[in-house]
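> Output the structure for:
(2 chains)
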Protein chains: 2
Amino acid sequence: MKNFEFKNPTKILFGKGQIEKIKSEIPADAKVLMLYGGGSIKKNGIYEQVNTALANHEVVEFGGIPANPEYAVLMKALKVIKEEKITYLLAVGGGSVIDGTKFLSAAALYKGDEPWDILTNNIPTLKGMPFGTVLTLPATGSEMNSGAVITRKETKEKLAMGGVGLFPVFSVLDPQVIRSIPHRQLANGIADAFTHVLEQYLTYPAEAYLQDRFAESILQTLIEVAPKLLEDPSDHAAASNFMWSCTMALNGLIQQGVPSDWAVHAMGHELTALYGIDHARTLAVIAPSHYKFNLESKKEKLAQYGERIWNITEGSTKEKAMAAIERTETFFNKLGIDTKLSQYTNDYNGTAELISKRFTERGWLGLGEHQNLKPKDVETIVKMAY
Amino acid sequence: MKNFEFKNPTKILFGKGQIEKIKSEIPADAKVLMLYGGGSIKKNGIYEQVNTALANHEVVEFGGIPANPEYAVLMKALKVIKEEKITYLLAVGGGSVIDGTKFLSAAALYKGDEPWDILTNNIPTLKGMPFGTVLTLPATGSEMNSGAVITRKETKEKLAMGGVGLFPVFSVLDPQVIRSIPHRQLANGIADAFTHVLEQYLTYPAEAYLQDRFAESILQTLIEVAPKLLEDPSDHAAASNFMWSCTMALNGLIQQGVPSDWAVHAMGHELTALYGIDHARTLAVIAPSHYKFNLESKKEKLAQYGERIWNITEGSTKEKAMAAIERTETFFNKLGIDTKLSQYTNDYNGTAELISKRFTERGWLGLGEHQNLKPKDVETIVKMAY
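Numbering: from 1, shown residues only, chains lettered A, B, ... in the order given. Presented below is the predicted three-dimensional model:
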């Protein structure tokens, strides 16, 4: 096990009817900016619940934060924060709204001229404007971590940011919100959380037995609840275990003391930036090819994953590893998620070269847990995913 | 899954050589009271490492906190805190030193006349004097939770306390400390952590699939590392997984959204208070009888535990449950821990009645996850453990 430092101060309010508690979590004298997305919260009753809870708070609203939170839109929200002298942010939404809120938390207190620098210059946010979240779409884990990914359309860029100052003060996780999530988004959430675990688990053995088993626990739970959830999103047991699994998949716990990969995300982000493919689906496209390409360095963990998660008992380590990759692809397919780029766009020729070129231009030294994947390797992996 | 609120703000510094980092975790202008136990830290180099790290801090020392931290001793430390105008506490030790430090953290800011009232009147500590810990004996999980158990010799009482103000600000977990822990204490630590998980897991099914799997992960890891650790405490993989498992067993994570029992601890505490038997060993004495007595209400979870942890595949639910209890007792025995009260004292006659009487006098309404175990049941369980 590697050395690590771990602290996660976010307070979780989990369960039915917890939204009303935000009234005592947000200081009474705060001036709140409530941020949300396309307005689905106005149809499923969450908007009303939040407003009822905050009846005695001063609240300004900012809706319309798009999936893959867009810099230009967020800059408009930043203007509202400054003009209205906002002191507290409340994200009501999924990963995109929460990530956008994290950017605003950082940008609101940023001293520089151009907030985009936070992303391009990897400036960690040590202190941000305090914010809470009401999660409406489990998937990204953003509700209990300090990271965010922001998109800039004009440059077709999708970049990460973070820092100890960007943990939500609190997050409300009410599994009842899941009832009104469209089937497609639920499938995406499952695939997203599942891949988050894989990125932190499918590397090389690091004698972190407990972390491995925690990672496997999340995978097993997602596999167990996925069919129930897609069949009936109002199944409380399935919904609550799905929701908590998504949070635990990326709240820092399972990555302590182990190497992590994140190359699937790095490549996947490019597919979203280039073609607008749903984030989770880009991961399902890239993951199988990535694991096949890196079979040699990942075979021990892939085989362990195959044995413990998919009950693969036959064959050599490599054969078990290959079988595990196949089972993963089948799992995504059963969620209704295609795993080849050509199933999403006819215009895929040249994608591998383009992504490889972008990685080269950004000066990335290497991807993956060994940081040895070069742009040329990225090109090969993306081609394998056509 | 039940509703829950979860927040654990303790910062963990895990790994080799992390002790030196305490110098930047404790404010430079703090006046520190360093608390420790019987002085083993002076033999294994930890005392020196802590002092080196705090060379530029103002530090006062208080040694001699006994196992089962004793009120009278702690009151002497409280006097030092007040006289020396201490502003920060540092526990260097195992669960007893850390629990004693938590009492002091609470008592130092307590407004009442008699700090013992914090325990007898169940007064939660919302704000305590800040403290950090350097863990030297993994077992209790006290390094990452807000609870403590304090003993008072004159009344033969052992009572619990806690509150959101009693989380350590930071805890250093360096698995290298395990090398110098005596075999007996290591076995105790394994049994203690194992039983902590059982108390939160062996209740009734609550559709908390992820929490169940996390609990099982800790049990599996402890079972995996126990023989390696007892064979060679300098085995870094075994030591680090043991240490992290002990912390995760009682940092609040696995108890979220599920019922918990804690009757084994309630009865075990009495055996320590009456006979001075090591805490962990009292748990190993009580647990098998407790699970047998409550077989009917616990059989589903006992059978799940048997299937997933001990690979018991044959028999009815009840038969699997009984087999699982037997495997648990064997596990304790293999650690070198006796599981019958008569193996610890010849003077056990009347113990069951005495404990039952004490529970009655304290007016406890009922123990266990259903809060339906009466003093009469306690009497039966303790007798079964003779």
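
> Can you report how many residues neighbour A:Ile26?
Neighbourhood size, A:Ile26 [other Cβ atoms under 10 Å in any protein chain shown]: 23. C-beta here means a position set from N, CA and C on the backbone, and glycine is covered the same way.

> next one: A:Lys42
Per other Cβ under 10 Å, the neighbour tally for A:Lys42 reads 12.

> Tell me how far it lies from chain B.
Remark: distance between A:Lys42 and chain B (Cβ to the nearest Cβ, to the nearest Å) = 25 Å.

> next one: A:Asn346
Counting by Cβ to the nearest Cβ, the gap from A:Asn346 to chain B is 40 Å.

> Any chance of the backbone angles for that residue?
phi -80, psi -10 (degrees, to the nearest 10).

> The biggest strand by length in chain A packs against which elements?
What stands out as the longest strand in chain A, according to DSSP state E, is strand A:4-14. Packing partners of strand A:4-14 (3 or more Cβ pairs under 8 Å, 6 or more residues apart in numbering or on different chains; DSSP states H and E): helix A:22-25, strand A:170-173, helix A:236-249, strand B:4-14.

> ok, and for the first one, which residues are buried?
The reference is to helix A:22-25. A:Ile22, A:Glu25 (16 or more other Cβ atoms under 10 Å in any protein chain shown).

> Residues touching that helix, excluding its own?
A:11, A:13, A:50, A:53-57, A:90, A:132, A:134, A:169-170, A:172 (Cβ atoms under 8 Å, 6 or more residues apart in numbering or on different chains).

> tell me the mean pLDDT for the helix or strand A:Phe194 falls within?
Assignment of secondary structure by DSSP states H and E places A:Phe194 within helix A:183-201. Average pLDDT, helix A:183-201: 97.

> same thing with stretch A:275-286?
96.

> Give me the buried positions along it.
Those would be A:Ile277, A:Asp278, A:His279, A:Ala280, A:Arg281, A:Thr282, A:Leu283, A:Ala284, A:Val285, A:Ile286, for stretch A:275-286 by 16+ other Cβ under 10 Å.

> quick revisit: can you give the contact residues for the longest strand of chain A?
By Cβ under 8 Å, 6+ apart, strand A:4-14 touches A:21-22, A:25, A:143-145, A:164, A:167-174, A:240, A:243-244, A:247, A:251-253, A:256-257, B:1, B:3-15, B:256-257.

> Sheet partners, orientation included, of the helix or strand of chain A with the lowest mean pLDDT?
Of all the helices and strands that make up chain A, strand A:157-162 has the lowest average by mean pLDDT, DSSP states H and E, namely a mean of 89. Paired neighbours of strand A:157-162 in the sheet (DSSP bridges): strand A:147-152 (antiparallel).

> Which residues are in contact with the nearest residue to A:Leu373 once chain neighbours are set aside?
With Cβ to Cβ, 6 or more residues apart in numbering or on different chains as the criterion, A:Leu373 has its nearest non-adjacent residue at 4.0 Å, and that residue is A:Leu367. By Cβ under 8 Å, 6+ apart, the contact list for A:Leu367 reads A:Trp262, A:Ala263, A:Ala266, A:Met267, A:Phe359, A:Leu373, A:Asp377, A:Val378.

> mind running it again at 6 Å?
A:Ala263, A:Ala266, A:Leu373 (Cβ atoms under 6 Å, 6 or more residues apart in numbering or on different chains).
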